[in-house]
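[1] Give me a 3D structure for the following:
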Amino acid sequence: MPRKYRQAGNTCRQRKLKCDETFPICRRCSKAQRYCDRAGRPASTAEHPSRRDLDIEKSLLEDEDPRKALGSPELANFFRRYISNIAPWYDLSDSQCCFSTKVPIIALDEPLLFYAIIALSAVYVSQTTTPSARTIAEAYHTCCIRRLIELKPEDVLIKQGVALAATCLLRSYEILAENHDPNRHLKGAFSLALQCQNFLDRSAGGLLHSGFWNYLREDITFSLFRNCALKIKLDSIAALGNVSSDEDHLNSISLILGRIINAMIGSTSEMAGDTWEAMRSCLKAWLSALPAHFEPFSRAALPSLFRLPTVHMLKPSQAASRHYFLVSCAVLAIHAQNPLEVNGLMSFASSMGILIGTVTTKEDLLERIGLEICGIAFTSNEPSVLVNAFGPISYCAKYIRIEASRQEVVRHLMASRKATGWPVQQVVSDLERHWATNPPAS
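    A predicted model of the protein is given here:
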């Protein structure tokens, strides 16, 4: 029988240091500004690995040259899949497209990032076309975690954002791998994101900036799944100034939504009430500064959408911005303390063109928001939009009361797995559990 292990972090265990077991990051790692891996006992020692696993890990440890490794047709295919299929997920709010351009270039000479790319791409392939790719995914994931643990605070890979980029990829790996706790690397890695909070408003961009915004959106997704506060605290991060590009608007609403989640979901009802109006004012300011081209260019019906609205957006970043604005409205509506506050949010929804017909109650508003979010995602059907929409859908689609619309949401979610590899069955199961306690409208 295997021994039971305590919740000490792998970082301290690897360094043979005593861990105080504080979540989400232990005091020793926090003080040293070190990556704190709280994923439990490392997979390579938690169970008996197969001979192929051992052979792969041995070859990785003996040969750390990514360029040489790409001589393998299998690994070259995984690398190509990352560039063509996965990287666009991370460039949603980055006009420089760092995860499509800079990350592959850096990975050619940096094993940490190369391992993260191969791990994510291989698990993506295992979920979409070739289940046997899971073995390679797990081996590269293990080696990537080991390298993260070994990093020191002054390491150039941390300062340049390479470690943060690898962490973002690993977090997606864990979701696609359908781990019990897909947030486990975010628990100990948020210190990597906080290092760039003092210069987010600069126009230089780069991998560190792109990593931060991806980290924040991943944190938002998990929080919407679990209905909990973010791991990252946003109070000290100033609102973005000089917002000009479409991607800037998405980053700005991401920051607002993160603050709303922390203020409403992560606080007592009394504290939420004190900040409700301030959060609504932030939303109003964002909406008033939004360019006209962020409106849908058409609502012409699609044959594939019978019971959901059709919402044609110009760009994926605009679709994601609209999603986050609507989720922000939904969170505030849920925590509204009187009808006047709900009416104020209805005026926002009306300006977005989603109040069609009679909407008189909070429940009506939440349902329209849920329908609109699903309509935006499934009209686009772009993988980058879908991946970013799974959190908003899981949080807002539960308020849909029409049975035919519910079934159409389920149908489109299940179809999206082929393009994204995401474990959408979990989202569907959560929605169906909620719907079971709320009978459909007649």
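
[2] Count the residues that sit near Ile83.
    Neighbourhood size, Ile83 [other Cβ atoms under 10 Å]: 16. Bear in mind the C-beta positions are built from the backbone N, C-alpha and C, glycine included.

[3] Find the nearest non-adjacent residue to it, please.
    The shortest distance from Ile83 to any non-neighbouring residue, by Cβ to Cβ, 6 or more residues apart in numbering, is to Pro104 (5.6 Å).

[4] give me the number of residues near the one you found?
    17.

[5] from what I can see it touches Phe79, true?
    Yes - using Cβ atoms under 8 Å, Pro104 makes contact with Phe79 at a distance of 7.2 Å.

[6] Just give me how far the strand or helix carrying the residue nearest to Ile83 sits from the chain centre.
    According to DSSP states H and E, Pro104 maps onto helix 98-107. Counting by Cα atoms, centre = their mean, to the nearest Å, helix 98-107 is centred 19 Å from the centre of its parent chain.

[7] buried set for the first helix or strand past it going along the chain?
    Downstream of helix 98-107, the first helix or strand assigned by DSSP H and E is helix 111-128. Using 16 or more other Cβ atoms under 10 Å as the test for burial, helix 111-128 gives 111-128.

[8] next one: stretch 301-317
    In stretch 301-317, counting by 16+ other Cβ under 10 Å, buried: Leu305, Arg307, Leu308, Pro309, Thr310, Val311, Met313, Lys315, Pro316, Ser317.

[9] Counting by contacts, list what the helix holding Pro104 packs against.
    helix 87-90, helix 111-128, helix 162-176, helix 207-226 (3 or more Cβ pairs under 8 Å, 6 or more residues apart in numbering; DSSP states H and E).

[10] If we use 7 Å, what do you get?
    In terms of contacts (3 or more Cβ pairs under 7 Å, 6 or more residues apart in numbering; DSSP states H and E), helix 98-107 is packed against helix 87-90, helix 111-128, helix 207-226.

[11] Quick one: mean pLDDT over that helix.
    For helix 98-107, the mean pLDDT works out to 97.

[12] same deal with stretch 130-146?
    Per-residue scores along stretch 130-146 average to 92.

[13] Which positions in that stretch come out as buried?
    Buried residues in stretch 130-146 (16+ other Cβ under 10 Å): 133, 135-146.

[14] now the residues you listed in CSV, with distance to Ser394 and secondary structure?
    Output for the buried residues of stretch 130-146, formatted as CSV (distance: Cβ to Cβ, whole Å; DSSP: H, G, I helix; E, B strand; the rest coil):
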residue, distance to Ser394, secondary structure
Ala133, 27, helix
Thr135, 30, helix
Ile136, 30, helix
Ala137, 24, helix
Glu138, 26, helix
Ala139, 31, helix
Tyr140, 29, helix
His141, 25, helix
Thr142, 29, helix
Cys143, 32, helix
Cys144, 27, helix
Ile145, 27, helix
Arg146, 32, helix
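
[15] So which helix or strand of this protein has the lowest pLDDT on average?
    helix 43-46 (a mean of 41; mean pLDDT, DSSP states H and E).

[16] With respect to Glu408, which of the buried residues of stretch 130-146 is nearest?
    In terms of Cβ to Cβ, no member of the buried residues of stretch 130-146 lies closer to Glu408 than Ala133, at 31.7 Å.

[17] For that closest one, give its distance to Ser252.
    Distance, Ala133 to Ser252, by Cβ to Cβ, to the nearest Å: 38 Å.

[18] What ranges in the stretch 251-400 of the chain fall below the confidence cut-off?
    Scanning the stretch 251-400 of the chain with the threshold set as pLDDT under 70 gives 266, 269, 271, 355-357.

[19] Please, where are all the helices along it?
    Along the stretch 251-400 of the chain, counting by DSSP state H, counting those that start in this stretch, helices occupy 269-288, 316-334, 339-351, 362-380, 383-396.

[20] hmm, back to that, ok, so of the buried residues of stretch 301-317, who is nearest Lys233?
    When the buried residues of stretch 301-317 are compared for distance to Lys233 (Cβ to Cβ), Ser317 comes out closest, at 25.3 Å.

[21] Pretty sure that closest one sits against Asp248.
    No - applying Cβ atoms under 7 Å as the test, Ser317 and Asp248 come out as separate, 9.4 Å apart.

[22] intersection of neighbour lists for those two?
    Common neighbours of Ser317 and Asp248 are not found (criterion: Cβ atoms under 7 Å, 6 or more residues apart in numbering).

[23] can you tell me which residue is nearest the centre of the chain?
    Glu218 (2.2 Å; Cα atoms, centre = their mean).

[24] Quick check: the residue nearest to it when sequence neighbours are not counted vs Tyr215, distance?
    Of all residues not flanking Glu218 in the chain, Arg171 sits nearest, at 5.2 Å (Cβ to Cβ, 6+ apart). Applying Cβ to Cβ, the value for Arg171 to Tyr215 is 8 Å.

[25] The spatially closest residue to Glu403 that is not a sequence neighbour: neighbouring residues, count only.
    In space, and not counting its chain neighbours, Glu403 is closest to Pro440: 3.7 Å by Cβ to Cβ, 6+ apart. Neighbourhood size, Pro440 [other Cβ under 10 Å]: 13.

[26] And Thr361, by the same measure?
    Count around Thr361 with other Cβ under 10 Å applied: 12.

[27] Spatially nearest residue to it, not counting backbone neighbours?
    That would be Val342: by Cβ to Cβ, 6+ apart, it lies 7.8 Å from Thr361.

[28] can you list contacts of stretch 248-258?
    92-93, 213, 216-217, 220, 230, 234, 237, 239-240, 243, 282-283, 286, 290, 317, 320-321, 324-325, 327-328.

[29] who touches the residue nearest to Thr361 in this structure?
    Ala333, Ala336, Lys362, Leu365.
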